[in-house]
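Trainee: Below is the sequence, then the predicted model.
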Amino acid sequence: MKKILFIEDDVTLIQNLGEFIKAGGFDFFSATDGERGIELVKKEKPDLILLDLILPKKSGFDVLKEIKEDEKSANIPVVVLTNLEDSNDVEKALSLGAGAYLVKAGYSPQEIVKKIKEILGK
């Protein structure tokens, strides 16, 4: 079963989206801050990471950079899921190695699960 890690500080969103991801046939786990997210990436080696950019302890940009600079995690697809809509943020995230950039308000949980399946070729 493919593992999805969601690094997000909004616990309600984690629970809501988590239900849809599990229903989509994935193993789901989460971290509520950037530091814990990095720990889980190293420990669990997820198949895909959903990443918010505004996080406690370590920003999503820093988390993304760290994931992509570590050869053990560099190939894990990262989907940025955030409320930041500024084109500079989008460009920065994509240049750091994000595979997709989704603005939370623009996607339903079903659409996010569909995107995960597309990226993982499932």
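Mentor: All right, it came through fine.

Trainee: how close does Leu64 get to Leu40?
Mentor: 14 Å (C-beta to C-beta, to the nearest Å). From N, CA and C alone the C-beta is placed, and that goes for glycine too.

Trainee: more crowded one of those two?
Mentor: Leu64 (25 against 19; other C-beta atoms under 10 Å).

Trainee: Wait, a strand at that one?
Mentor: No: applying DSSP: H, G, I helix; E, B strand; the rest coil, one finds Leu64 to be helix, outside a strand.

Trainee: Next up, the contacts around it.
Mentor: Going by C-beta atoms under 8 Å, 6 or more residues apart in numbering, Leu64 touches Leu51, Val78, Val80, Ala93, Leu96, Gly97, Ala98.

Trainee: On the C-terminal side of the helix or strand hosting the third one, identify the next helix or strand.
Mentor: What that stands for is Val80. Using DSSP states H and E, Val80 falls within strand 78-82. Once strand 78-82 ends, the next helix or strand along the chain (criterion: DSSP H and E) is helix 87-95.

Trainee: for that next one, the distance to its chain's centre please.
Mentor: 15 Å (C-alpha atoms, centre = their mean, to the nearest Å).

Trainee: Equivalent analysis for stretch 85-100, please.
Mentor: Using C-alpha atoms, centre = their mean, the offset of stretch 85-100 from its chain centre is 13 Å.

Trainee: What is the end-to-end distance of that stretch?
Mentor: This stretch, stretch 85-100, spans 13 Å end to end (C-alpha to C-alpha, to the nearest Å).
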